[in-house]
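A.B. asks: Could you look at this predicted model? Sequence included:
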Amino acid sequence: MPLVLEYEDVLKRMHRDFGLSLKDIDDFVDYLCKVCVQTDIFYLWRPYLKDPKDDFVLEAGLSSGSKFIVTYNERDFIGVERLGISVISPKMLLKKIGVI
(Lines give C-alpha, C1' and ligand atoms only; values in the text may rest on other atoms or scores of the structure.)
Protein backbone atom coordinates (compact mmCIF):
# COMPACT_ATOMS: atom_id res chain seq x y z
CA MET A 1 0.00 0.00 0.00
CA PRO A 2 2.75 2.56 0.74
CA LEU A 3 4.05 2.24 -2.83
CA VAL A 4 0.61 2.90 -4.32
CA LEU A 5 0.29 6.00 -2.14
CA GLU A 6 3.72 7.17 -3.30
CA TYR A 7 2.69 6.74 -6.96
CA GLU A 8 -0.51 8.66 -6.30
CA ASP A 9 1.39 11.48 -4.57
CA VAL A 10 3.92 11.87 -7.38
CA LEU A 11 1.33 11.64 -10.14
CA LYS A 12 -0.94 14.20 -8.52
CA ARG A 13 1.94 16.63 -8.03
CA MET A 14 3.03 16.24 -11.65
CA HIS A 15 -0.28 15.52 -13.39
CA ARG A 16 -0.02 18.59 -15.64
CA ASP A 17 3.44 17.49 -16.81
CA PHE A 18 1.93 14.15 -17.85
CA GLY A 19 -1.15 15.69 -19.45
CA LEU A 20 -3.45 13.92 -17.00
CA SER A 21 -6.42 15.11 -14.99
CA LEU A 22 -6.80 14.34 -11.30
CA LYS A 23 -9.66 12.01 -12.27
CA ASP A 24 -7.28 10.17 -14.63
CA ILE A 25 -4.89 9.72 -11.69
CA ASP A 26 -7.67 8.49 -9.40
CA ASP A 27 -8.82 6.03 -12.08
CA PHE A 28 -5.25 4.76 -12.54
CA VAL A 29 -4.70 4.31 -8.80
CA ASP A 30 -8.06 2.53 -8.50
CA TYR A 31 -7.00 0.21 -11.33
CA LEU A 32 -3.66 -0.51 -9.67
CA CYS A 33 -5.41 -1.38 -6.42
CA LYS A 34 -7.78 -3.68 -8.30
CA VAL A 35 -5.15 -5.67 -10.24
CA CYS A 36 -2.14 -5.67 -7.92
CA VAL A 37 -1.43 -8.24 -5.25
CA GLN A 38 -0.59 -6.83 -1.84
CA THR A 39 2.48 -8.50 -0.39
CA ASP A 40 3.92 -8.29 3.10
CA ILE A 41 7.55 -7.24 3.14
CA PHE A 42 9.96 -8.59 5.76
CA TYR A 43 13.37 -7.27 4.76
CA LEU A 44 15.72 -6.45 7.60
CA TRP A 45 18.13 -4.44 5.44
CA ARG A 46 16.07 -1.24 5.35
CA PRO A 47 17.00 1.51 4.91
CA TYR A 48 19.10 0.69 1.86
CA LEU A 49 18.69 3.72 -0.39
CA LYS A 50 19.05 7.43 0.36
CA ASP A 51 15.33 8.05 -0.03
CA PRO A 52 13.13 5.75 2.09
CA LYS A 53 10.36 6.13 -0.51
CA ASP A 54 12.64 4.47 -3.07
CA ASP A 55 13.03 1.54 -0.69
CA PHE A 56 9.33 0.77 -1.36
CA VAL A 57 10.13 0.35 -5.05
CA LEU A 58 13.17 -1.78 -4.32
CA GLU A 59 11.20 -3.98 -1.91
CA ALA A 60 8.43 -4.48 -4.47
CA GLY A 61 10.97 -5.47 -7.11
CA LEU A 62 12.75 -7.91 -4.84
CA SER A 63 9.63 -9.50 -3.37
CA SER A 64 8.14 -10.02 -6.83
CA GLY A 65 11.29 -11.61 -8.20
CA SER A 66 11.67 -8.87 -10.81
CA LYS A 67 14.84 -8.70 -12.86
CA PHE A 68 14.57 -4.93 -13.34
CA ILE A 69 13.48 -1.72 -11.71
CA VAL A 70 12.41 0.57 -14.53
CA THR A 71 12.86 4.24 -13.71
CA TYR A 72 14.01 7.59 -15.03
CA ASN A 73 15.90 8.02 -11.74
CA GLU A 74 18.55 5.35 -12.15
CA ARG A 75 20.99 7.29 -9.97
CA ASP A 76 18.62 6.91 -6.99
CA PHE A 77 19.09 3.13 -7.10
CA ILE A 78 22.88 2.89 -7.22
CA GLY A 79 24.11 -0.30 -5.58
CA VAL A 80 20.96 -2.42 -5.87
CA GLU A 81 22.78 -4.72 -8.31
CA ARG A 82 24.32 -6.31 -5.17
CA LEU A 83 20.81 -7.51 -4.35
CA GLY A 84 20.39 -9.16 -7.76
CA ILE A 85 18.19 -6.62 -9.49
CA SER A 86 19.16 -4.28 -12.35
CA VAL A 87 18.00 -0.70 -12.81
CA ILE A 88 17.19 0.43 -16.34
CA SER A 89 15.47 3.35 -18.04
CA PRO A 90 12.06 2.96 -19.69
CA LYS A 91 13.75 3.43 -23.08
CA MET A 92 16.18 0.58 -22.35
CA LEU A 93 13.28 -1.68 -21.34
CA LEU A 94 11.51 -0.93 -24.62
CA LYS A 95 14.70 -1.81 -26.48
CA LYS A 96 15.11 -5.05 -24.51
CA ILE A 97 11.58 -6.20 -25.33
CA GLY A 98 11.91 -5.19 -28.99
CA VAL A 99 9.44 -2.33 -29.10
CA ILE A 100 12.05 0.13 -30.30
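C.D. replies: Looks like it came in fine.
A.B. asks: what domains does the record give for this structure?
C.D. replies: Following automatic domain parsing, one finds the domains of the chain at 1-38, 48-100.
A.B. asks: Nearest the middle, which residue of the protein would you pick?
C.D. replies: V57 (4.5 Å; CA atoms, centre = their mean).
A.B. asks: wait, doesn't it sit right on F68?
C.D. replies: No - the criterion here is CB atoms under 8 Å, and V57 misses it with F68 at 11.3 Å. Yep, even glycine has a C-beta here, placed from its N, CA and C like the rest.
A.B. asks: give the contact list for the residue nearest to the centre of the chain.
C.D. replies: L3, E6, I69, T71, F77 (CB atoms under 8 Å, 6 or more residues apart in numbering).
A.B. asks: Name only those of these that count as buried.
C.D. replies: L3, I69, T71, F77 (16 or more other CB atoms under 10 Å).
A.B. asks: What separation is there between K34 and S89?
C.D. replies: 28 Å (CB to CB, to the nearest Å).
A.B. asks: Sorry, slip of the keys, the one I care about is D55.
C.D. replies: 20 Å.
A.B. asks: Repeat that for C33.
C.D. replies: 27 Å.
A.B. asks: Over to D40?
C.D. replies: 30 Å.
A.B. asks: The two: which has the busier surroundings?
C.D. replies: S89 (13 against 5; other CB atoms under 10 Å).
A.B. asks: My read is that the more buried one contacts V70, right?
C.D. replies: Yes - with contact defined as CB under 8 Å, S89 reaches V70; the gap is 7.3 Å.
A.B. asks: quick check: mean pLDDT across the top helix by length along the chain?
C.D. replies: When the chain is parsed with DSSP state H, its longest helix is helix 2-18. Across helix 2-18, pLDDT averages out at 89.
A.B. asks: Check stretch 48-67 too.
C.D. replies: 88.
A.B. asks: just how off-centre is stretch 50-66 within its chain?
C.D. replies: How far stretch 50-66 lies from its chain's middle: 7 Å, per CA atoms, centre = their mean, to the nearest Å.
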